[in-house]
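>>> I'll drop the sequence and a predicted model, then ask my questions.
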Amino acid sequence: MSQRLTKFPTVALWISAIAAIVVIVLGFHSGAGAHPESAEPKYLSPGTMAFSADGRSIYVVCERSNELAVVDAKTGKVTQRVAVGTVPRGLAVSPSGDQIYVGNSWDDTVSVLDAKTFQTLKTLHTGFEPIDIALTRDGQTLYAANRLSNDVSIIDLKTGEERKRLTAGRGASYLTLSPDGGRLYCTHVYPNNIGHRAPPQSEVTVIDTAREVVVDRLPLKNVAGVFHTAFSPDGGVGVVAQLRPKNLIPLAHVEHGYVFGNSLALFGKDVDGVVQLPLDQLDRYFPMPYGVAITPDKSKLYVTSGGMSVVSVISIPRLLAFAKTAPADVANDLSASANYVLTHIPTGTNPRSLLLSRDGRTLYVTNRMDDTVGVIDTRTDKIVSTIDLGGRKDYNSVRRGERLFYNTKYSFQGHFSCANCHIDATFDGLEWDLEPDGFGKDIVDNRSIEDLSGTEPFKWNGGNPTMAQECGPRTEKFFYRSQSYDAGELADLVTFVFSLPLRPNRYRLPNGGLTAAQERGKAIFERTNYKDGRPIPQENQCAFCHSGPKYTDQKLFDVGSGKPTDRSPMVDVPQLTNVAYSAPYLHDGSAHSMEEIWTVFNPKDTHGVTNDLTKDELNDLIEYLRTL
């Protein structure tokens with residue numbers, strides 16, 4: 001029999017309501033990723049960089065302010081600010097230097113700018129959420145890695161039209177061209193969906209740029225979260241920055257360094273296969289490795305650590321020598337990095353992308369939360385200057401909370417932060433065995449954290465009535481293993497989380513209408529009768545539980561998907577906004593797709609009435625759910 005109950009008592013409801021009001025007063029609507037505040041100056045959040053053709057200017061995309069900053073490489077001064085699309089992430093410069101290409105991730109476009117006038121010449125269209133872009137050596141073709149459509153767009157720059165798309169890993173995000181231009185390497189931030197509670201698997205997708213086909217998929221075992229790639233000039237060494245989450249075991253090993261491994265994957269003709277090597281040490285971690293760069297003389301490798309705010313300096317000869325004799329399980333050996341890591345360079349807050357000068361003597365690093373670019377002398381491996389990009393200097397509650405979200409100093413030995421599980425403030429596509437529920441109990445799927453206001457309480461079992469409890473006592477006791485945020489910091493973190501806006505839904509028509517299939521799916525979602533005319537019990541109607549502006553009634557419900565490992569069959573009714581992007585599904589992530597929710601896990605019609613639907617009708621329902 002289906003059961004319902006209210007998630008939390010009246011007192012907790014009152015507290016939650018007050019907290020929501022406080023969040024509104026603090027301005028949660030102005031969060032990261034949204035359109036910038038109208039007042040000047042703005043927060044910038046610098047990301048990818050590129051040199052102009054003559055090397056005199058550095059182009060920097062600013063994700064938060066939706067602009068391209070042009071910096072004089074000699075003086076370090078910003079000479080131009082160019083408005084582009086929403087949340088720009090990708091950047092490329094034509095071989096002639098005449099044109100600049102900026103990928104606008106939330107607009108699904110690429111802005112083509114004149115490098116002299118900085119006027120927009122044209123706008124190209126990509127797949128869903130282009131994170132990175134790359135140009136072929138002849139400047140005739142542009143590639144875009146699309147995070148939400150999990151593919152790579154190939155665009156003919158003569159016609160401006162998309163020629164084809166190639167399937168990549170889930171959450172395709174970062175592109176790097178090989179030194180000879182013959183291969184394009186694409187990484188992805190979410191693990192490929194291969195099976196429930198299976199070890200996470202990722203890949204580096206290798207594309208032949210002449211034939212425009214995928215020619216290889218380099219396997220990255222036990223990896224979820226793969227970021228930038230770099231090559232030595234001779235192409236002998238390729239390296240990617242990656243995360244190795246230990247999500248299959250109970251989260252009870254924080255003090256043993258066994259929740260996340262921050263590591264590198266090596267490949268290329270100088271390496272035998274794909275070798276994964278750790279960045280972490282026995283008592284110090286270097287979380288969220290992101291940007292990588294290799295010096296022209298192939299002597300050093302640089303890796304940013306966004307959570308620790310350092311750049312690691314690695315000897316490539318030592319790295320290669322160690323990789324040749326390393327055991328198969330070396331990626332989990334926290335003593336290994338002493339064999340090849342030379343030093344660590346402190347940077348500004350949340351370092352991201354790296355850019356080497358052509359002579360290899362100067363390394364630039366974007367400090368995302370400081371709105372600066374650090375300048376490193378690679379001969380001394382020290383910061384020699386800092387370029388101020390001109391962002392807002394005071395930190396409001398949202399910005400302070402954002403800095404906390406990416407900062408690992410609160411966890412035991414700086415092991416991880418909120419951003420490890422919520423990559424770019426989204427999710428990680430993994431299921432976790434969290435210790436508070438008992439070892440092997442209540443396996444939980446990690447949900448997206450966008451647009452959470454009005455969806456409380458939190459956790460799949462509804463155990464946390466407010467975000468303050470979710471991010472505060474629960475986090476410090478069961479995740480960080482240390483006393484973490486004070487009252488002010490916790491309030492800032494909650495403000496930031498509630499500020500996260502909902503990214504654009506790509507399945508809706510531009511005019512807000514629905515396709516014919518989506519209209520049919522909507523009718524199924526809202527139906528109150530079986531096909532034979534009998535009334536469907538109210539508690540088993542889709543629109544009854546999934547009601548309200550975010551399609552949740554904020555209650556607990558038994559939908560029949562409970563497992564022997566669950567302490568209770570009662571689960572939180574999740575919000576359905578942008579549900580299309582957050583597979584896997586169900587409370588424990590056991591459904592790989594929305595279709596499996598009803599074809600595999602709803603045999604008795606306890607999770608809505610779907611057994612009387614045809615295949616086409618179920619497809620229509622799913623098409624409608626994608627629009628929510």
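Everything's here; your move. Numbering: from 1, shown residues only.

>>> What is the burial count for the nearest residue to Met570 once chain neighbours are set aside?
Using CB to CB, 6 or more residues apart in numbering and skipping the chain neighbours, the partner closest in space to Met570 is Leu556 (4.3 Å). Just so you know, the C-beta spots here come from the backbone N, C-alpha and C atoms, and that holds for glycine as well. Number of residues near Leu556 (other CB atoms under 10 Å) recorded here: 22.

>>> so what's Tyr585 up against?
If a contact means CB atoms under 8 Å, 6 or more residues apart in numbering, then Tyr585 has 445, 579, 591-594, 596-597 as its contacts.

>>> just to revisit the earlier point, please, which helix or strand holds the residue nearest to Met570?
Assigned by DSSP states H and E, Leu556 belongs to strand 555-557.

>>> pretty sure Leu301 contacts Val239?
Yes - Leu301 is in contact with Val239 according to CB atoms under 8 Å; the separation is 6.2 Å.

>>> Now do the shared contacts for those two.
230, 264, 292, 294.

>>> could you list every residue that touches the last one?
Contact partners of Ile294, counting by CB under 8 Å, 6+ apart, are 230-233, 237, 239, 300-302, 316, 356.

>>> Does Glu519 belong to a helix, a strand or coil?
Three-state assignment for Glu519 (DSSP: H, G, I helix; E, B strand; the rest coil): helix.

>>> Which residue, other than its chain neighbours, is closest to it?
Closest residue to Glu519 apart from its sequence neighbours, by CB to CB, 6+ apart: Tyr624 at 7.8 Å.

>>> Next: Leu243.
Nearest to Leu243 is Gly225, by CB to CB, 6+ apart, at 3.5 Å.

>>> what about the one you found, how many neighbours?
Neighbours of Gly225 (other CB under 10 Å): 30.

>>> now Thr48
Taking other CB under 10 Å as the neighbour definition, Thr48 ends up with a count of 26.

>>> Would you confirm that Ala517 contacts Asn619?
Yes - Ala517 is within contact range of Asn619, at 7.2 Å (criterion: CB under 8 Å).

>>> For Glu526, see how far away the residue nearest to Glu519 is.
Using CB to CB, to the nearest Å, we find Tyr624 at a distance of 9 Å from Glu526.

>>> same question, Ser353
Counting by CB to CB, the gap from Ser353 to Glu526 is 46 Å.

>>> tell me which element the residue nearest to Glu519 falls in.
Going by DSSP H and E, Tyr624 is in helix 615-625.

>>> got it, and Tyr551?
Under the criterion DSSP H and E, no helix or strand holds Tyr551.

>>> so where's the stretch 451-600 of the chain uncertain?
Along the stretch 451-600 of the chain, the model assigns pLDDT under 70 to residues 476-478, 481-483.

>>> shouldn't Asn464 be in contact with Gly472?
No - under the criterion of CB under 8 Å, Asn464 makes no contact with Gly472, lying 9.3 Å away.

>>> Thr408: neighbour count?
Counted by other CB under 10 Å, the residues lying close to Thr408 total 25.

>>> do you know how far it is from Ile314?
For Thr408, the distance to Ile314 (CB to CB) stands at 20 Å.

>>> Then Asp216?
Distance, Asp216 to Ile314, by CB to CB: 25 Å.

>>> Please look at Arg81 and Val61 and confirm they touch.
No - between Arg81 and Val61 there is no contact under CB under 8 Å: 11.5 Å.

>>> more neighbours, the two?
Taking other CB under 10 Å, Arg81 and Val61 do not tie; Val61 has more neighbours (28 against 15).

>>> Point out the ones among the contacts of Tyr585 that are inside strands.
Residues of the contacts of Tyr585 located in strands (DSSP state E): Asp445.

>>> What is the burial count for the residue nearest to Arg379 when sequence neighbours are not counted?
Spatial nearest neighbour of Arg379, chain neighbours left out: Arg361 (6.4 Å); criterion: CB to CB, 6+ apart. Using other CB under 10 Å, the number of residues around Arg361 comes to 13.

>>> one step back: per-residue pLDDT, the residue nearest to Leu243?
pLDDT for Gly225: 96.

>>> do the same with the one 5 residues further on
Predicted confidence (pLDDT) at Ala230: the value is 98.

>>> swap in Arg4?
In this model, Arg4 carries a pLDDT of 38.

>>> Next: Gly195.
As predicted, Gly195 sits at a pLDDT of 85.

>>> shared neighbours of Arg81 and Val61, anything?
Counting by CB under 8 Å, 6+ apart, the common neighbours of Arg81 and Val61 are 68-69.

>>> coming back round to it: so the residue nearest to Met570 sits right up against Val571, yeah?
Yes - under the criterion of CB under 8 Å, Leu556 makes contact with Val571 at 6.6 Å.
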